[in-house]
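Asks: Fold the following for me, if possible:
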Amino acid sequence: MRKKVLAAIFCILVTLTASFAWADIRSEIQSQHHRIGQGIRSGELTRREAEVLRDNLAHIERQYRRASRDGWISPGEEDRLYRELEHNSRKIHRLKTNDIERY
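Replies: Have a look, this model is predicted:
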């Protein structure tokens with residue numbers, strides 16, 4: 001009986017952890033889409049820069065869908081997605097603050 005209860009608790013924790021990871025990853029992807037759009041509207045990003053950033057984000061989204069296809073994201077997949085999102089976030093910042101402006 002005790003083993004069944006512990007197993008049930010473990011399953012619940014794994015499910016909750018996975019759903020939080022999904023929400024965080026999805027919200028970061030949406031945030032980056034918003035930042036790219038804002039950069040285009042303000043003239044901080046050229047169309048080519050935005051195209052590169054959107055291509056990177058599309059690649060990350062494909063990896064996210066592939067990782068979550070089995071119903072949960074493993075810790076290794078989650079780490080890889082966060083690393084790539086962080087890399088893209090830094091690239092957004094770097095391109096928005098460079099001296100190239102849209103005319």
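Asks: What's the first helix or strand after whichever strand or helix holds His34?
Replies: Secondary structure from DSSP states H and E places His34 in helix 2-42. Along the chain past helix 2-42, the next helix or strand (assigned with DSSP H and E) turns out to be helix 47-67.
Asks: what mean pLDDT does that following helix have?
Replies: Across helix 47-67, the average pLDDT comes to 96.
Asks: Which secondary structure element of the protein has the lowest mean pLDDT?
Replies: Scoring the helices and strands of the chain by mean pLDDT, DSSP states H and E places helix 2-42 at the bottom, with a mean of 77.
Asks: Roughly how far does Ile25 sit from Arg2?
Replies: Noted for Ile25: a distance of 35 Å to Arg2, by C-beta to C-beta, to the nearest Å. The C-beta positions use only the backbone N, C-alpha and C, and glycine is treated the same way.
Asks: In contact with the closest residue to Ile40 other than its chain neighbours, which residues?
Replies: By the measure of C-beta to C-beta, 6 or more residues apart in numbering, the closest residue to Ile40 outside its immediate chain neighbours is Ala50, 5.2 Å from it. With contacts defined as C-beta atoms under 8 Å, 6 or more residues apart in numbering, the neighbours of Ala50 are 36, 39-40.
Asks: Could you check how far Lys96 is from Ile73?
Replies: Counting by C-beta to C-beta - Lys96 and Ile73 are separated by 29 Å.
Asks: neighbour count winner among those two?
Replies: Ile73 (21 against 16; other C-beta atoms under 10 Å).
Asks: Let me know the secondary structure of Asn98.
Replies: In three-state terms, and counting by DSSP: H, G, I helix; E, B strand; the rest coil, Asn98 is coil.
Asks: Would you mind measuring from it to Arg35?
Replies: Taken as C-beta to C-beta, the span from Asn98 to Arg35 is 15 Å.
Asks: Neighbour count: those two, which is higher?
Replies: Arg35 (18 against 12).
Asks: from memory that one sits against Ile92, does it?
Replies: Yes. In this structure, Arg35 is within contact of Ile92 by C-beta atoms under 8 Å, at 5.4 Å.
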